[in-house]
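K.L.:
need coordinates for the following:
(chains A, B, C and D)
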Protein chains: 4
Amino acid sequence: MIIILKDNADKRQLDALKRWVETQNVHVHQSEGAHQTILGLVGDTVRIDIDMIKQLEIVEDVRRIQEPFKSANRKFHPMDTVINVGGVPVGDGSLCIIAGPCSIESESQIMTVARSVKKSGASMLRGGAFKPRTSPYSFQGMRDEGIKLLLQAGKETGLPVVTEVMDLSQLDLFTDVDVIQVGARNMQNFELLKELGHCDKPILLKRGLSATYQELLMSAEYILANGNDNVILCERGVRTFENYTRNTLDISMIPAIKELSHLPVIIDPSHAAGMSRFVSPLSRAAVAAGTDGLIIEVHNDPARAKCDGPQSLTMEAFDSLTKELNKLHELIKASKIK
Amino acid sequence: MIIILKDNADKRQLDALKRWVETQNVHVHQSEGAHQTILGLVGDTVRIDIDMIKQLEIVEDVRRIQEPFKSANRKFHPMDTVINVGGVPVGDGSLCIIAGPCSIESESQIMTVARSVKKSGASMLRGGAFKPRTSPYSFQGMRDEGIKLLLQAGKETGLPVVTEVMDLSQLDLFTDVDVIQVGARNMQNFELLKELGHCDKPILLKRGLSATYQELLMSAEYILANGNDNVILCERGVRTFENYTRNTLDISMIPAIKELSHLPVIIDPSHAAGMSRFVSPLSRAAVAAGTDGLIIEVHNDPARAKCDGPQSLTMEAFDSLTKELNKLHELIKASKIK
Amino acid sequence: MIIILKDNADKRQLDALKRWVETQNVHVHQSEGAHQTILGLVGDTVRIDIDMIKQLEIVEDVRRIQEPFKSANRKFHPMDTVINVGGVPVGDGSLCIIAGPCSIESESQIMTVARSVKKSGASMLRGGAFKPRTSPYSFQGMRDEGIKLLLQAGKETGLPVVTEVMDLSQLDLFTDVDVIQVGARNMQNFELLKELGHCDKPILLKRGLSATYQELLMSAEYILANGNDNVILCERGVRTFENYTRNTLDISMIPAIKELSHLPVIIDPSHAAGMSRFVSPLSRAAVAAGTDGLIIEVHNDPARAKCDGPQSLTMEAFDSLTKELNKLHELIKASKIK
Amino acid sequence: MIIILKDNADKRQLDALKRWVETQNVHVHQSEGAHQTILGLVGDTVRIDIDMIKQLEIVEDVRRIQEPFKSANRKFHPMDTVINVGGVPVGDGSLCIIAGPCSIESESQIMTVARSVKKSGASMLRGGAFKPRTSPYSFQGMRDEGIKLLLQAGKETGLPVVTEVMDLSQLDLFTDVDVIQVGARNMQNFELLKELGHCDKPILLKRGLSATYQELLMSAEYILANGNDNVILCERGVRTFENYTRNTLDISMIPAIKELSHLPVIIDPSHAAGMSRFVSPLSRAAVAAGTDGLIIEVHNDPARAKCDGPQSLTMEAFDSLTKELNKLHELIKASKIK
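P.N.:
Residues are numbered from 1 along each chain as shown, chains lettered A, B, ... in the order given. Modelled structure (predicted):
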């Protein structure tokens, strides 16, 4: 952490600041110039509140050098975290493909899709029971009933299941779910994150619509710091000025997370684009950039889907896409020497 | 709603679509050109799912003409909504100033600030008990204990109190609170919004960091549609590429909300800028642009604040700002003839 | 400037780096910690290329502490710059109102508007002769002929004139123009900026659609560093995700520029909103926030304007707005003690 | 184009509007509902000025249905445009790799890099002679001298050369250059675009930092409409709130441009990321998503580069990347059936 002092900072106040910093087990180095004095804080500054120091009368600005996350930081945990989801590894270099409908609509729908994606080679089954919808007039999901149908489909096909929690009060229903998803709109629902830190299930944490990598990792930190090491990060498009696609897929998040953190990172091309015809090129791009997995919306009848139909693949399209992605993944794996 | 058809759309499918639309009590007008056929849907299209239509094979694109919110829409409710908060009106043309510390830290702190802002002419007292902090290592608020202290300060000074709820499970603690605040990060916590729709307390709904006006109004709609008409909207800065200020205050939200909706709108200059020295110019701008109120952070000792110190005003600074803003408000009120 | 070194940085390379920095008349202070070594560079670092240092093998990151602009920096020039435009001061605490049509369309149009805005109290006349239009099929301006008409209108009314240059090759036509405007799309047309640095006319430099304050000031620096001290900065809305208004007016730019620089700053509410009905609230906000001036589009017949009609005020609307703004400006001036 | 009328629109004004539209060879269809009347304009609306209609008293809003670009539109030109650059095709399904230093620094530098990238299989040579730099204190390029050295390097290696023009007045120096690049900052320098429309050289048009796809295509339209059909579009990262990477590479631009236009599209991973270690994953992603080419910065000694060193690959790194990308391109080509 670097503290930039104002010109002619009061010496007594400066000494007090330096003494206080030393009590936090952080060393201070002072650099003095003609026009500017700066203090370099060296040590573990994660717990030092940058806002408190900024407010001091003698301080012009404060800059953080060290990242403010620790458990999620690759610097303190150089090895990749591999998460085991009911026997399916995520983060070990394999390509994990999660597939299923946006929302669970009926027993026959979820069963049809589950069997089909299983046959096509999906590693896990997704399906929404609680749906965060912008409009109160849109379909809100089958809720409890939906979770039951998803678990049944998972059991029959042998696929681990992933589904989204929208509120703390729903957690009891998630006991048998394999991966609990936290949606983009809940990425900074800190009460929920803390609670998820106390369970031992893998958490699929989606990046907020306008969250930085650092904010995403700070949200992961809430889960890790509370005792749950099993966090999978997910990029699903960010909000920009470009509206041709629903959101803008930030493909650079893959190499960025790989250097900042040891956690696995997957890509959701369906929500990013909001158009099924973009799912194939974006999925290929993600695999080529080194993603640990993909989460793709597949529907048995997209034109009649109750939610997000425009971005869902048909089961046939998903089948050929999976074949293509697996070939691509093999090539990428073989060519990367490092 | 306008449906743009693909070239050579199948006639049978087109007829089916038109018949279905008519069953929704919406009329269809077809315009045919050399290169393009479009359908105009006239009537109440709020409940028509745009995504479902987009997915149809014969459809190229769908555009909404009517706003997707109804209860919050000025078109269906031309008169301004005035909200009564323990005798303090919001939205009636007066200037409502809410003031207090970012977080409640101790009895003496909240009492000192409460008495001071009351004396300076504040209309309500704010103070955070549950604090959404980016870092799990930062101060998380006094929680239950904080709410008690805030209520006590409100009682003593006669100021209605405003404080933020972070999760459904905390709602019981808010029984005596006058205004429940929903923070920017929870603007699309739909489970929480639905529940707040079932209570009869005024809700202060903050705009999300990258939420459009329409999304903010759709979130208000969740509350209104569930029976609670008392929603105050709040702009607190949006996320842009400019990082000199913490966020970018979108001053245009004031006239925009005034034409789109009948709900009151207030401005939070403290969170927008993140710097106490910008609170004064931004507050003046908000009053000049016609805001119904302001929510301003005030602290008895900003340099020792546990949270957001850099953006808090001292009690003295707040006192002179209030005087200035009241004069400005009178002038604006007098000069606006329309 | 702070250089953060990689763990175990090669000592020989580090010494070389430190020696090189010292040759730039900048002092180096080294702070060593358990996990991190940082170098603090104290002195005039404006000419040190941050990119070159970032690339060194031993360097993890480089952060600038000092602003990279110098002539435009308030630190080295604490007094406000006041620019004299044909007798009209800009930046001296008065309110400068520039008004006129988006584009010059005919002699009678520009004369009618010029006489009207003069009578209403405008300080300068604006009018576009060269129009940057997104579409090649839109009206591109009257060009040479337009400049002539504008000069004539300026002469008759005694108003100094402001008009936009789009390319270096047009500069000869601007000999008698009082203020040369550089549009948002040309803010980083560095060849043009350099050339404008060699003339002695006031330059109105508009902020690019997604330019930071620092980038705007660096563009001003191109003009100042080449010898022309007369730069007026202008905010005209930035690009965000919100599309209800054409752009988002960044009102915070006023106090921000006031602390970063000594140059005057004005606001263009017409282009920011893109809607004439927002011009009044945004203008009031700008005056309340301390702007040095406004540039407002006024048209004798907005419904028949060849360009930007939707955002132009009628002459009558401008007349009452001016009166209101002058009253507001007096109040603001009187109440600001500091 | 859809015109949404205000409630109770004056019948006489409405008739006048309809008559005027018909004179533009566009048909009008009127749809009337209980609350809203809309006009559908069917025909060639490219030349209808949306702003003019918006301004009419009886009009609430206008929405464009048809894209405002025509020559660049795939609808009117379904076949892919293939551009021949000195024998090298761009847009025919092959992978075009353009490589070279950010700026030309000396004869030995450009010759060394040119020979090396040629050997590695690059299709063209890039190198900047005129450099748009944010700071007036940074290296501004070798200018005329740089162009000569680049042409010499192109001649010796047989590689066509690409270099950036910054201003109209420099065009004479570009007579022997194979591809003229328009930088992101000049994407809306319309005077320059018009002039480039009058030459017959291929133009590499980079997307502006916050330009939409439509704005990019409108800028291409300026060149096409003036007679030059040879435009190659280039994505180089857009500005977002995420600052870990210099800009955010918008990988979705590849499929988006492919459906909107017939023009080739290439990717610049070096400027997007601003970090050489991201060039490899982003290049792979671009190839997997179907790019027509890449433009990559390569330097013989990145640590001593005068400009953009941090994002340049070494010649060795470029050599292995090229091999990898070619293999990947073959696989993608083979697997794409459609």
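K.L.:
what's the first-to-last distance across stretch A:234-248?
P.N.:
14 Å (Cα to Cα, to the nearest Å).
K.L.:
can it be found next to chain B?
P.N.:
Yes: on the criterion Cβ under 8 Å from any Cβ of the partner chain, stretch A:234-248 is in touch with chain B at A:R239. Glycine gets a C-beta too; all of them are placed from N, C-alpha and C.
K.L.:
how about that stretch and chain C, touching?
P.N.:
Yes: with Cβ under 8 Å from any Cβ as the criterion, chain C is reached by stretch A:234-248 at A:R239, A:T240, A:F241, A:N243.
K.L.:
now the buried members of the residues you listed.
P.N.:
A:R239, A:T240, A:F241 (16 or more other Cβ atoms under 10 Å in any protein chain shown).
K.L.:
leaving out chain neighbours, which residue sits closest to the second one?
P.N.:
Leaving out its chain neighbours, the residue that sits closest to A:T240 by Cβ to Cβ, 6 or more residues apart in numbering or on different chains is A:T248, at 4.4 Å.
K.L.:
and for the last one?
P.N.:
Beyond its immediate neighbours in the sequence, the residue positioned closest to A:F241 (Cβ to Cβ, 6+ apart) is C:R239, lying 4.9 Å away.
K.L.:
for D:A184, see how far away the one you found is.
P.N.:
14 Å (Cβ to Cβ, to the nearest Å).
K.L.:
near chain C, which residues of chain A show up?
P.N.:
A:2, A:4, A:27, A:29-36, A:38, A:40, A:42-43, A:61, A:63, A:65-66, A:75, A:239-241, A:243.
K.L.:
could I have the buried ones of these as ChimeraX selection syntax?
P.N.:
Here is the ChimeraX selection string for the buried members of these, based on 16+ other Cβ under 10 Å:
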select /A:2,4,29,31,33,36,38,40,42,43,65,66,75,239,240,241
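K.L.:
so which of the residues of chain A next to chain C sit within helices?
P.N.:
Using DSSP state H, no member of these sits in helices.
K.L.:
okay, now the unreliable bits of chain A?
P.N.:
Within chain A, the segments meeting pLDDT under 70 span A:33-35, A:305-309, A:336-338.
K.L.:
would you map the helices across it?
P.N.:
Under DSSP H, chain A gives helices at A:11-23, A:50-54, A:107-120, A:144-157, A:190-197, A:213-225, A:253-260, A:269-273, A:279-288, A:315-335.
K.L.:
can you check which of the ones you listed gets nearest to chain D?
P.N.:
Nearest to chain D among the helices of chain A is helix A:279-288 (3.6 Å), distances taken as Cβ to the nearest Cβ.
K.L.:
against which helices or strands is that closest one packed?
P.N.:
Counting contacts by 3 or more Cβ pairs under 8 Å, 6 or more residues apart in numbering or on different chains; DSSP states H and E, helix A:279-288 packs against strand A:265-267, helix A:269-273, strand A:293-297, helix A:315-335, helix D:253-260, helix D:279-288.
K.L.:
now the terminal residues of stretch A:134-154, how far apart.
P.N.:
28 Å.
K.L.:
ok, back up a step: can I get the helices of chain A in JSON lines with mean neighbour count?
P.N.:
Listed next are the helices of chain A as JSON lines, based on neighbours: other Cβ atoms under 10 Å in any protein chain shown:
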{"stretch": "helix A:11-23", "mean neighbour count": "13"}
{"stretch": "helix A:50-54", "mean neighbour count": "19"}
{"stretch": "helix A:107-120", "mean neighbour count": "20"}
{"stretch": "helix A:144-157", "mean neighbour count": "19"}
{"stretch": "helix A:190-197", "mean neighbour count": "22"}
{"stretch": "helix A:213-225", "mean neighbour count": "25"}
{"stretch": "helix A:253-260", "mean neighbour count": "22"}
{"stretch": "helix A:269-273", "mean neighbour count": "26"}
{"stretch": "helix A:279-288", "mean neighbour count": "28"}
{"stretch": "helix A:315-335", "mean neighbour count": "18"}
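K.L.:
of all those, which lies closest to D:V162?
P.N.:
Closest to D:V162 of those is helix A:279-288 (Cβ to Cβ; 24.4 Å).
K.L.:
run the angle between the closest one and helix A:315-335 for me.
P.N.:
20 degrees (axes from the mean of the first three to the mean of the last three Cα atoms, to 10 degrees).
K.L.:
run through who's touching helix A:279-288.
P.N.:
A:95, A:249, A:251, A:254, A:267, A:269-270, A:272-273, A:294, A:296-297, A:311, A:313, A:317, A:321, A:324-325, A:328-329, A:332, D:251-252, D:254-255, D:281, D:284-290, D:328, D:332 (Cβ atoms under 8 Å, 6 or more residues apart in numbering or on different chains).
K.L.:
run the last query once more with 6 Å
P.N.:
By Cβ atoms under 6 Å, 6 or more residues apart in numbering or on different chains, the surrounding residues in contact with helix A:279-288 are A:249, A:251, A:267, A:269-270, A:273, A:294, A:313, A:321, A:325, A:328-329, A:332, D:251, D:255, D:284-285, D:288-290.
K.L.:
same deal with stretch A:186-206?
P.N.:
Against stretch A:186-206 from outside (Cβ under 6 Å, 6+ apart): A:83, A:85, A:162, A:168, A:179-184, A:208, A:211, A:219-220, A:222-223, A:226-228, A:230-234, A:236, B:132, B:166-167, B:185.
K.L.:
where strands are concerned, which of those residues count?
P.N.:
A:I83, A:V85, A:V162, A:V179, A:I180, A:Q181, A:V182, A:V231, A:I232, A:L233, A:C234 (DSSP state E).
K.L.:
OK, contacts around the first one?
P.N.:
Under the criterion of Cβ under 6 Å, 6+ apart, the contact list for A:I83 reads A:V90, A:G91, A:P202, A:N230.
K.L.:
how much space between the nearest residue to A:L216 once chain neighbours are set aside and chain B?
P.N.:
Of all residues not flanking A:L216 in the chain, A:R207 sits nearest, at 4.8 Å (Cβ to Cβ, 6+ apart). As defined by Cβ to the nearest Cβ, to the nearest Å, A:R207 lies at a distance of 12 Å from chain B.
K.L.:
wait, A:R207 sits on A:G237?
P.N.:
No: in this structure, A:R207 is not within contact of A:G237 by Cβ atoms under 6 Å, at 8.6 Å.
K.L.:
shared neighbours of the two, anything?
P.N.:
Counting by Cβ under 6 Å, 6+ apart, nothing touches both A:R207 and A:G237.
K.L.:
and A:F190, how far from chain C?
P.N.:
24 Å.
K.L.:
residues in contact with the most centrally placed residue in chain A?
P.N.:
Nearest to the mean C-alpha position of chain A, counting by Cα atoms, centre = their mean, stands A:L233 at 2.7 Å. Counting by Cβ under 6 Å, 6+ apart, A:L233 makes contact with A:L205, A:I257, A:L263, A:V265.
K.L.:
out of these, which is most surrounded?
P.N.:
A:L263 (28 neighbours; other Cβ atoms under 10 Å in any protein chain shown).
K.L.:
I'd say that residue and A:N230 touch.
P.N.:
No: between A:L263 and A:N230 there is no contact under Cβ under 6 Å: 9.2 Å.
K.L.:
what does stretch A:12-22 contact?
P.N.:
A:V28, A:I58.
K.L.:
report how many residues lie close to A:G127.
P.N.:
Neighbours of A:G127 using other Cβ under 10 Å come to 29.
K.L.:
that one contacts A:I98, correct?
P.N.:
No: A:G127 lies out of contact with A:I98 (Cβ under 6 Å); the separation is 10.2 Å.
K.L.:
up against chain D, what does chain A have?
P.N.:
Within reach of chain D by Cβ under 6 Å from any Cβ of the partner chain, chain A has these residues: A:210, A:212-213, A:240-242, A:244-245, A:248-252, A:255-256, A:278, A:281, A:284-285, A:288-290, A:324, A:331, A:335.
K.L.:
let's see it at 7 Å
P.N.:
A:210, A:212-213, A:238, A:240-242, A:244-245, A:248-252, A:254-256, A:273, A:278, A:281-282, A:284-285, A:287-290, A:324, A:327-328, A:331-332, A:335 (Cβ under 7 Å from any Cβ of the partner chain).
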